[in-house]
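Trainee: from the sequence below, what's the structure:
(one chain, ligands or ions: 2)
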Amino acid sequence: MDRQTKLRRIEDSRRLCREHGLPLTAQRMAVLEAVLDLDNHPSADQVHEAVARLDPGVSRATVYRALESLARVGIITKACHPGKAIRYDSRSETHHHLVCLRCDGIIDITDERLDALPVPDTSGYGFEVSDFRVQLRGICRRCRELEETV
Ligand SMILES: [Zn+2]
Ligand SMILES: [Zn+2]
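Mentor: Ligands and ions are numbered 1, 2, ... in the order given. Sure, this is the predicted structure:
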């Protein structure tokens, strides 16, 4: 993510925090910056590793709690990957994912046709949909190339 985008995202985050009454503490800011810098759907462990490089005393639990509060106010989102560790997404606007079944890589894609998918009525399940993301699963370019050279 370029510097301009990062600064814009931090500005948006300040606004969202204010709106939700969530103090953007130095620790939450460090976690947010790590997610923005990693910019590739990091796991909590990867974020912890990055934050700990600057602040060696920070615990995994603290980072995890900060990630959860940032996700609760919509600054970052959770890219769910059932059965695997939660991955955090620096993008909160509608987009979709290409998920590699081999390396667990997640690639962002935008596609108007996917955005326009009709969301079914789930009230019968007592479930309220907040947003949705389409996961297209398969093998990424890098993994396919590795396969070919074997
Ligand atoms: Zn892959
Ligand atoms: Zn994403």
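Trainee: lowest average confidence, helix or strand, in the protein?
Mentor: strand 77-79 (a mean of 87; mean pLDDT, DSSP states H and E).
Trainee: now tell me what touches that strand from outside.
Mentor: Contact with strand 77-79 is made by 41, 71, 86, 87, 88, 89, 91, 92, 97, 106, 133, as judged by C-beta atoms under 8 Å, 6 or more residues apart in numbering. Backbone N, C-alpha and C define where each C-beta goes, glycine included.
Trainee: what is the next helix or strand after it packed up against?
Mentor: Heading C-terminal from strand 77-79, the first helix or strand you meet, by DSSP states H and E, is strand 87-89. Contacts defined by 3 or more C-beta pairs under 8 Å, 6 or more residues apart in numbering; DSSP states H and E place strand 87-89 against strand 77-79.
Trainee: same thing but at 10 Å, please
Mentor: Strand 87-89 is packed against helix 26-38, helix 44-54, helix 60-72, strand 77-79, strand 96-100, strand 106-109, with contacts defined by 3 or more C-beta pairs under 10 Å, 6 or more residues apart in numbering; DSSP states H and E.
Trainee: I appreciate the help and will end here.
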